[in-house]
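> Sequence and predicted structure are below.
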Amino acid sequence: MSFGFEHKVSSPHHHQANGQAEKAVDIAKQILHKCKDPNLGLLAYRSTPLESGLSPAELLFGRKIRSTLPSLLSNNGANKLVDFRKKDLDLKNRNSRNYDRRHRTRPLRKLYAGERVWIKDVRRYGNIVKEAGIRSYLVSSRGSLMRRNRYFLVPAPSEEAEKKERRSYNFPESQEKEDNTQAASGQAEPAKESEKDEEEDESHRQDLDEEERKKEDLEDWKLVTHRKKRIRKVPDRYTVASF
């Protein structure tokens, strides 16, 4: 007996498709983590009104339940559940519109059996076998069969079209250009090397002249180096003439 339940499964690795169950697990973990008595936490959760104005207990029993919060007896009567389904549907549609507008979603076209696709999460190509539900497909890739949401499947060109596109490239011309550039660079290298040598010699001479000039200044003024690129003059009281 199914008791009116309809079992629907979502695509693997796409938790967003099963958001209600994921959120229920998160709420249960928070209740167990924050409350010392889990029964009181569950009681508070079941008696708290939802966005529609009714609590989970009211939806199940058709009336408000008694909790730890004081309330009037007149508020514990049966509530009218006539407009609940309409309010709940309006809230879901509004949330869906807000999400689509914020994330700029767009409808994706339907995929057909035999179509070649790129599977984003495993990063390889595959072929569509058949449709396995709403926005869900069975894909064969490298001998394995997997189920993926349409979000992970990107239409790809066929292997024949990809081979033709590769053949359309003119590789010999590009090779000639590379050879010509290499030859031109080979001719220009000796001239560049000679210019670099002259520049290095000139800079080396300038460095030597600057070092000699610094040495002469140090000897003349009796200066000593304290740190790198810092010069300090010795006070007169420490010289021989002061004694």
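In hand now; what should we look at?
> Past the worst-scoring helix or strand of the chain on mean pLDDT, which element shows up next along the chain?
Lowest by mean pLDDT, DSSP states H and E among the helices and strands of the chain is strand 223-227, with a mean of 53. Next helix or strand after strand 223-227 toward the C-terminus (DSSP states H and E): strand 230-233.
> Identify the single longest strand in this protein, thanks.
If you go by DSSP state E, the chain has its longest strand at strand 124-133.
> buried set for it?
125-126, 128 (16 or more other Cβ atoms under 10 Å). Any C-beta I mention is one placed from the backbone N, CA and C, and that applies to glycine too.
> what does stretch 38-52 give?
Buried residues in stretch 38-52, counted by 16+ other Cβ under 10 Å: 41, 43, 45-47, 52.
> where's it relative to the chain centroid, distance-wise?
The chain centroid and the centroid of stretch 38-52 are separated by 35 Å under Cα atoms, centre = their mean, to the nearest Å.
> Give the rounded mean pLDDT of that stretch.
Here stretch 38-52 scores 90 as its mean pLDDT.
> give the contact list for M146.
Contacts for M146 were tallied using Cβ atoms under 8 Å, 6 or more residues apart in numbering; they are 12, 119, 122, 126, 138-140.
> which helices and strands sit right next to the longest strand of the chain?
Applying 3 or more Cβ pairs under 8 Å, 6 or more residues apart in numbering; DSSP states H and E, we find strand 124-133 packed against strand 116-119, strand 136-141, strand 144-149.
> Serialize the ones you listed to a markdown table and add fields for distance to F5 and mean pLDDT.
Formatted as a markdown table, the helices and strands packed on strand 124-133 follow (distance: least, Cβ to Cβ, whole Å; pLDDT from 0 to 100):
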| stretch | distance to F5 | mean pLDDT |
| --- | --- | --- |
| strand 116-119 | 32 | 93 |
| strand 136-141 | 20 | 93 |
| strand 144-149 | 22 | 93 |
